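Trainee: Provided below for reference: sequence and predicted model.
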Amino acid sequence: MQTRRLLLVPVPLRREIPTRCITLAQHRAVISVLFTSERPGGDPPSEDAIIPAATVVEWVDFMKARGITDVLVLLDDNELDIYEPPGLLRMYEQEGLAIHRAPMGEAGAPE
């Protein structure tokens, strides 16, 4: 079996990360190494700021150089809106990363 490495992209640092159990089995992934990170581009300097696609590409290159194959994204849809088109998730897909999502704003997730 091929070793897979997962990057966990939590909510922005300004929010407390709830202690919620995320079952990777439901995402059909067997993960051998888990890394954690702030989202690409970090927190934007203002509410109307957009994180450029070039920032995401640079981050993807950094991840892939470390053997990361999968990304678990905890960001809500509204937190993904700050990325320049084609958007964070689409860019991950285009770069060949497997995406798993468990947005913290889903029903049942503690705030």
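Mentor: All right, it came through fine. Just so you know, these numbers come straight off a predicted model, no measurement behind them.
Trainee: and the helix ranked longest in the chain, what does it pack onto?
Mentor: Longest helix of the chain, by residue count under DSSP state H: helix 53-65. With contacts defined as 3 or more Cβ pairs under 8 Å, 6 or more residues apart in numbering; DSSP states H and E, helix 53-65 has these neighbours: helix 88-94. Where you see a C-beta, it was placed from the backbone N, CA and C, and this is true even at glycine.
Trainee: mind listing what's buried in the helix it packs on?
Mentor: L88, L89, M91, Y92 (16 or more other Cβ atoms under 10 Å).
Trainee: cool, and stretch 39-53?
Mentor: R39, P40, G41, I51, A53.
Trainee: which one of the buried residues of helix 88-94 is nearest A102?
Mentor: Using Cβ to Cβ, L89 is the member of the buried residues of helix 88-94 that lies nearest A102, at 13.1 Å.
Trainee: so the closest one touches L72, yeah?
Mentor: No: when contacts are counted by Cβ atoms under 8 Å, L89 is not listed as touching L72 (11.9 Å).
Trainee: okay, and the common contacts of the two?
Mentor: Common neighbours of L89 and L72, using Cβ atoms under 8 Å, 6 or more residues apart in numbering, are R101.
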